[in-house]
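Undergrad: here is my input; please provide its structure:
(chains A, B and C)
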Amino acid sequence: MTGFVGAVSVIVRKDLLVEARTREILFTTLFFAVACVLVFAFGFVREGRAVSDAASGILWIAIAFSGTLALGRAFERERHGETLRALLIAPIDRPALYVGKLVGILILMAAVEAVVVPMVALMFQAPLFDHALLMIGLLAAGTVGFAAVGTLFAAMLMRTRSRDVMLPVLLYPITIPVIIAGVRGTAALLEADGLPMARAWLAMLVAFDVMFVTLALWTFEPVMTE
Amino acid sequence: MMKKIFPVLVVVAAAMFAYAPFMILAAPYESTMGLVQKIFYFHAACGMAMFLAAFVSGIGSAGFLFSKKPSYDRMAVAGAELTVIIGLIVLVTGPLWARKAWGVWWQWDARLTSTLVMWMIFNAYLLLRRYGGLGSEKLAAAVALFGMANVPFVYWSVNVWRTLHPKTSVIPSLQPGMRGPFWFCVAAFLLLSIVILMLRTELEKRRQELDALYLAAED
Amino acid sequence: MDFSSLRFVDVTRTFGRRRALSRVSFTAEAGTITALLGHNGAGKSTLLSIAATLLQPTSGRVLYGDHPGNGSAVLRGRIGMLGHDLYLYPELSAAENLRFFAEIYGLTDVERRVARGLEMAKLIDRADDAVGGYSRGMRQRLAVERALIHEPRLMLLDEPFTGLDEASREALRQRLRMARAAGTIVILTTHDIAAIENLTDATVTLVDGRLVA
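TA: Numbers count the residues shown, from 1 in each chain, chains lettered A, B, ... in the order given. Purely as a prediction, here's the structure:
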């Protein structure tokens, strides 16, 4: 029997190895995120310039949309060849399977955000990195919250009909606090004296993360077994 | 016991609804809004009924996820359907009132937004049960659980978000003459909710029994 | 934890209005190969899923030796399964697939087992090519070795002979005989009786979820 951390580590390494071979999810998600930013930017252009305070909203919407896509694709991989079944039969703690997939998605999203965030900062002249640590904190906490719920839902929908459309239908209402906190936190960060506000939003995101990761760990096994 | 109480509850609820308009008519006018304010008696009562229904669904979902007993699942689906229907009443009567009273159809304040989000989550619950195929009852239960855990966060976020914008109070403090009709309507709607929940869980129980009969008939 | 028999006692499994298995009882002993026969939809895959602890019976019991099935990780470590979709990652090589599953199963001598699995599957010279490029027969051989890499006591195979040519079928039969000689309980499903000639010690036939003599 493998330990919890050992199982998580093996699963994460396998996911990174598979992704390294094709880089398919990374490239398509990245491209989609960039396309999102562009489409929204054009939607908010006024007098030939993008509206400056649209930056934080556009950033987080791009993260949410591209994250949903990445989640769907990541689990589609485990559906092909039914490998998820093999993992459920394996002698690991089922929650370790959840954490392993979650970490994989987080690494992928971090890579995407590493490109999209500077891009948004540049295109909208938004000094997102003046308070780099706080910005990274918001991004990390927000992405964890989104991915924590998303990984559980994507896993549990694997045998469900209409799963492609069901994932956003279920995920978006529940991750609304993440979006609000991310957008308002980033916007506060861009304002002159908005730092305390930004920190408050960060605190809420951390509370959300703790709550929902715990809930997901708790419900993963009952939901995945019959 | 449940079966005996049921007709009594129906009669009492019906009587309360028959009497309610008279109470509302007799209640004093609110100083600024006049007649329009009276929609509040049903609107606020529906709001409370909606939260009750959502709570019932949440408990049923948690119970079903962890104990797998079908009785919990019946509670969960009955509560979810009731939440969606009463929620629709809340979300329609609210803007109708707001438009007349304050000139806007909608406002992004904490209470309205979390009500809307919760309504959407239970819609998603029903969509999953309907279109998800086999085994979606358990998945939907997880969604309901996550949805319930989510509501305080939505409320808090929108509250903080809104401190930067002017707030208009949605429910004014109640004048003495209004308290009677208000609590009467609340009781009427809660009673109606209980009646509907009992009816719906019974319907679900019959459906499950029908499935069992189909199976037995194969032997 | 070890056990020397698999016993189904009055197992029933329903999905809503459909009864997939109806009061199925049978026993399979260590060192035997049992074939589960039946047409599509007879309940064979459901039975295998229950034996693999992926599904709970609606009623009845499953006993692994004297232990009841409880889905615990220790029990799962003694079970190996080969599904129809082979449970392989097409982007990874044969060696990487074997290594991943060996690590997931918490085995200590990973490299030795990987090497032996590749040898048994006769894939040593293609060990580092992505599995997606293999023929069906090659993938099947690899999948069998993957399922056996942790030397399970109970081996479940779902339609393993599908899509194989005669040479591959004979190779699979040989491999299963080896597993039987090592004391494994082998249960395989098929709807092709010819494929299991001279292979099985017992057959169990399902019709509409029921066991028929």
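Undergrad: CA atoms for contacts and neighbours, from now on please.
TA: Will do.
Undergrad: show me the residue at the heart of chain C, geometrically.
TA: Nearest residue to the geometric centre of chain C (CA atoms, centre = their mean): C:Leu156, 2.0 Å.
Undergrad: and chain B, by the same measure?
TA: Of all residues in chain B, the one closest to the mean position by CA atoms, centre = their mean is B:Met50, 1.6 Å from it.
Undergrad: near chain A, anything from the helix or strand where that one lies?
TA: For B:Met50, the element it lies in under DSSP states H and E is helix B:40-67. Yes: between helix B:40-67 and chain A, judged by CA under 8 Å from any CA of the partner chain, the touching residues are B:Leu65, B:Phe66.
Undergrad: tell me the helix or strand right after that helix.
TA: Read in the C-terminal direction, the helix or strand following helix B:40-67 is helix B:70-102, with elements assigned using DSSP H and E.
Undergrad: could you list the buried residues of that following helix?
TA: Of the residues in helix B:70-102, B:72-84, B:86-91, B:93-98, B:101 count as buried by neighbour count, 16 or more other CA atoms under 10 Å in any protein chain shown.
Undergrad: and the next helix or strand past it?
TA: Counting by DSSP H and E, the element that comes right after helix B:70-102 along the chain is helix B:110-131.
Undergrad: which elements pack onto the helix holding B:Met50?
TA: helix A:195-224, helix B:70-102, helix B:136-162, helix B:176-218 (3 or more CA pairs under 8 Å, 6 or more residues apart in numbering or on different chains; DSSP states H and E).
Undergrad: out of these, which gets nearest to chain C?
TA: For these, distance to chain C was read as CA to the nearest CA. The smallest value, 4.9 Å, belongs to helix B:176-218.
Undergrad: tell me what angle the closest one forms with helix B:40-67.
TA: With axes from the mean of the first three to the mean of the last three CA atoms, to 10 degrees applied, the angle from helix B:176-218 to helix B:40-67 works out at 40 degrees.
Undergrad: and helix B:176-218, what does it pack against?
TA: Contact partners of helix B:176-218 among helices and strands, from 3+ CA pairs under 8 Å, 6+ apart: helix B:2-26, helix B:40-67, helix B:70-102.
Undergrad: could you give the angle of the first one to helix B:40-67?
TA: Meaning helix B:2-26. Compare the direction of helix B:2-26 with that of helix B:40-67 by the same axes, to 10 degrees and you get 150 degrees.
Undergrad: could I get the buried residue list for helix B:2-26?
TA: B:Val10, B:Ala13, B:Met16, B:Phe17, B:Ala20, B:Met23, B:Ile24.
Undergrad: pLDDT below threshold where in chain B?
TA: Residues of chain B meeting the criterion pLDDT under 70: B:1-2, B:162-174, B:218-219.
Undergrad: and if we set it to 80?
TA: B:1-3, B:25-37, B:101-102, B:107-111, B:134, B:158-179, B:215-219 (pLDDT under 80).
Undergrad: could I get the contacting residues of the residue in chain C that chain B sits nearest to?
TA: For chain C and chain B, the shortest gap (CA to the nearest CA) falls at C:Arg17, measuring 4.9 Å. C:Arg17 sits next to B:Asp211, B:Ala212, B:Tyr214, B:Leu215 when contact means CA atoms under 8 Å, 6 or more residues apart in numbering or on different chains.
Undergrad: separation between it and chain A?
TA: If you measure C:Arg17 against chain A using CA to the nearest CA, to the nearest Å, the figure is 16 Å.
Undergrad: the residue nearest to B:Val10 when sequence neighbours are not counted - how many residues pack around it?
TA: For B:Val10, the nearest residue in space outside its immediate sequence neighbours is B:Val195; the separation is 6.5 Å by CA to CA, 6 or more residues apart in numbering or on different chains. The burial metric for B:Val195, expressed as a neighbour count using other CA atoms under 10 Å in any protein chain shown, is 18.
Undergrad: contacting residues around B:Val195?
TA: Contact partners of B:Val195, counting by CA under 8 Å, 6+ apart, are B:Phe6, B:Leu9, B:Val10.
Undergrad: rewinding a little: wait, the residue nearest to the centre of chain B sits on B:Thr83?
TA: Yes: using CA atoms under 8 Å, B:Met50 makes contact with B:Thr83 at a distance of 5.1 Å.
Undergrad: that concludes my questions; thank you for your assistance.
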